[in-house]
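Asks: Sequence plus predicted model, see below.
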Amino acid sequence: MDRLESTYAPALGRLLLSSLFIWGGLGKLMAPMAGTVGYIASVGLPLPELGYYIALLVELVGGILMLIGFGTRYVALVQAAFCLFTAFVFHGFGDMGNQINAMKNIALTGGLLFVFAHGAGAWSVDAMRGQRRLAMA
């Protein structure tokens with residue numbers, strides 16, 4: 001059980017969390033103007049093009065970094081803030097569909113804060129970098 005908890009579970013958790021962000025980022029990459037920029041503009045936020053690039057960075061780049069476990073604590077904190085922001089600004093609690101999406105984002109925030117608190121786990125670039133530093137010292 002200890003090996004499952006310390007080795008496999010964090011890697012699987014990062015894989016599952018990152019898949020949602022990577023998938024969302026790829027979707028934004030495929031239809032930036034018609035989809036994301038228009039949606040950002042529709043809620044009245046300024047600079048929707050800048051918002052698009054921020055979302056793309058957090059989702060696609062952050063998702064890949066989460067997947068490989070590089071800078072994981074910082075990535076998780078940024079993604080947690082992003083999830084909370086999008087939960088309240090874009091989804092809200094007006095209708096059932098938006099309420100479900102908002103609650104999904106709030107739940108994701110909880111998981112990401114857990115990653116922030118506990119790190120990437122053994123199978124990660126962060127762990128390899130830590131072992132390298134220990135070997136050099």
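Replies: That came through, no problem. It should be emphasised that the depicted structure is a prediction, and the values quoted were computed from it without experimental measurement.

Asks: Against T72, how distant is the residue positioned nearest the centre of the chain?
Replies: Residue closest to the average C-alpha location in the chain (C-alpha atoms, centre = their mean): Q79, at 4.1 Å. Distance of Q79 to T72, given as C-beta to C-beta, to the nearest Å: 10 Å. Using the backbone N, CA and C atoms, a C-beta is placed for each residue, glycine as well.

Asks: Find residues that contact each of the two.
Replies: M66 (C-beta atoms under 8 Å, 6 or more residues apart in numbering).

Asks: give me the low-pLDDT residue ranges for this structure?
Replies: By pLDDT under 70, the weakly predicted segments of the chain are 1-6, 32, 134, 136-137.

Asks: so where do the helices sit in it?
Replies: 2-3, 9-30, 38-42, 48-56, 62-68, 72-86, 96-118, 125-136 (DSSP state H).

Asks: ranking those helices by burial, who's on top?
Replies: Across the helices of the chain, averaging neighbours per residue (mean count of other C-beta atoms under 10 Å) puts helix 62-68 on top, at a mean of 21.

Asks: what's that one packed up against?
Replies: Helices and strands touching helix 62-68, as assessed by 3 or more C-beta pairs under 8 Å, 6 or more residues apart in numbering; DSSP states H and E, comprise helix 9-30, helix 72-86.

Asks: mind putting these in a markdown table, distance to D126 included?
Replies: Output for the helices and strands packed on helix 62-68, formatted as a markdown table (distance: least, C-beta to C-beta, whole Å):
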| stretch | distance to D126 |
| --- | --- |
| helix 9-30 | 10 |
| helix 72-86 | 5 |
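
Asks: if we can go back for a sec, name all residues that make contact with the residue nearest to the centre of the chain.
Replies: Q79 neighbours (C-beta under 8 Å, 6+ apart): L17, F21, V58, G62, M66, L108, L112.

Asks: ok, now G92?
Replies: Applying C-beta under 8 Å, 6+ apart, the residues contacting G92 are N98, Q99, A102.
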